[in-house]
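> all I have is the shape, not the residue letters:
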């Protein structure tokens, strides 16, 4: 039996312009008990988050995306909910992460990653996050 890393109220927002990575992360967290919503377009993800922020307990986003960058998405989301736990994925070297973004994320997940790294990051972010569940 698979280990459950989320409770039944956790909803993970997955954002990556690479559809293959977005679907892979979505499948991983889903198989381990997390409900999730995923987007390839960060602007659409932000629109969704603005309307549904009370339902989202964790965001996993890529660093570099067209139209709206990961850092811009993160900053906009945190204006709505400053306690939202965030995992930042990147294929870039650590020095490409803006200094003002580092303290905003619970962890940086370097690409390529393995399943165990993703699941550990999700578990850690949800455990350390000061998020609150809101009844739907």
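Thanks, I have it. Just so we're clear, the structure is a prediction, and the values are computed from it rather than from any experiment. Numbering: from 1, shown residues only.
> which stretches in the chain count as helices?
Taking DSSP state H, the helices of the chain run over residues 19-31, 42-52, 70-80, 115-128.
> now do the buried residues in the second one.
Pointing back at helix 42-52 there. For helix 42-52, the neighbour count (16 or more other Cβ atoms under 10 Å) marks 42, 45-46, 48-49 as buried. In this view, the C-beta of every residue, glycine as well, is placed from N, C-alpha and C.
> chain neighbours aside, what residue packs nearest to the residue most central in space within the chain?
With distances taken as Cα atoms, centre = their mean, residue 60 lies nearest the centre of the chain, 1.4 Å away. Distance criterion Cβ to Cβ, 6 or more residues apart in numbering; nearest residue to residue 60, sequence neighbours excluded, is residue 87 at 4.5 Å.
> tell me who's in contact with that neighbour.
Taking Cβ atoms under 8 Å, 6 or more residues apart in numbering, we find residue 87 in contact with 58-61, 105-109, 121-122, 125.
> now do 7 Å
Going by Cβ atoms under 7 Å, 6 or more residues apart in numbering, residue 87 touches 60, 105-107, 109, 121-122, 125.
> do the same with residue 126
Contacts of residue 126 (Cβ under 7 Å, 6+ apart): 6, 10, 57-58, 85.
> before we move on, back to that, which strand residues bridge the residue nearest to the centre of the chain?
Assessed by DSSP bridges, residue 60 has beta-bridge partners residue 14, residue 87.
> verify the contact between it and residue 14 for me.
Yes - between residue 60 and residue 14 a contact is recorded at 5.0 Å, counting by Cβ atoms under 7 Å.
> shared neighbours, those two?
Contacts common to residue 60 and residue 14, judged by Cβ under 7 Å, 6+ apart, are residue 25.
> how far away is residue 87 from residue 31?
Note on residue 87: its distance to residue 31, by Cβ to Cβ, to the nearest Å, is 17 Å.
> which non-adjacent residue is nearest residue 108?
Among residues not flanking residue 108 along the chain, residue 88 sits closest, at 5.1 Å (Cβ to Cβ, 6+ apart).
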